[in-house]
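Visitor: fold the following and give me the result.
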Amino acid sequence: MEIQGLGLSSTVLSNANMNSSVGMALLDKALETDQANGESLVSMLERSVNPLVGQNIDIRI
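Guide: Numbers count the residues shown, from 1 in each chain. Below you'll find the model as predicted:
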């Protein structure tokens with residue numbers, strides 16, 4: 001293997017490692033977003049069990 005080939009291999013491996021790290025960070029962020037969306041959906045479903053609660057306000061003057 002020539003010295004130039006060794007340098008090129010190092011660069012290619014470094015770029016592959018960076019791409020892998022970025023991909024993992026994006027996947028982690030997507031999973032966090034899905035978790036938050038799931039929690040919001042559960043909260044909305046819990047509130048929809050009794051949809052009439054909170055619709056009327058009694059005001060006396």
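
Visitor: going by C-alpha atoms from here, please, whenever you check contacts or count neighbours.
Guide: Fine.

Visitor: what about the helices in the protein?
Guide: Per DSSP state H, the chain carries helices over the ranges 3-47.

Visitor: center of it, which residue is that?
Guide: Closest residue to the average C-alpha location of the chain: residue 30 at 2.3 Å, with C-alpha atoms, centre = their mean.

Visitor: run a quick neighbour tally on residue 36.
Guide: Neighbours of residue 36 under the rule other C-alpha atoms under 10 Å: 12.

Visitor: any low-confidence regions in the protein?
Guide: Along the chain, the model assigns pLDDT under 70 to residues 1-4, 51, 53-54.

Visitor: rerun at 50
Guide: The chain contains no residues with pLDDT under 50.

Visitor: wait, what's in contact with the residue nearest to the centre of the chain?
Guide: Contact analysis of residue 30 by C-alpha atoms under 8 Å, 6 or more residues apart in numbering lists nothing.

Visitor: distance of it relative to residue 17?
Guide: 20 Å (C-alpha to C-alpha, to the nearest Å).

Visitor: could you do residue 11 as well?
Guide: Between residue 11 and residue 17 the computed distance is 10 Å (C-alpha to C-alpha).
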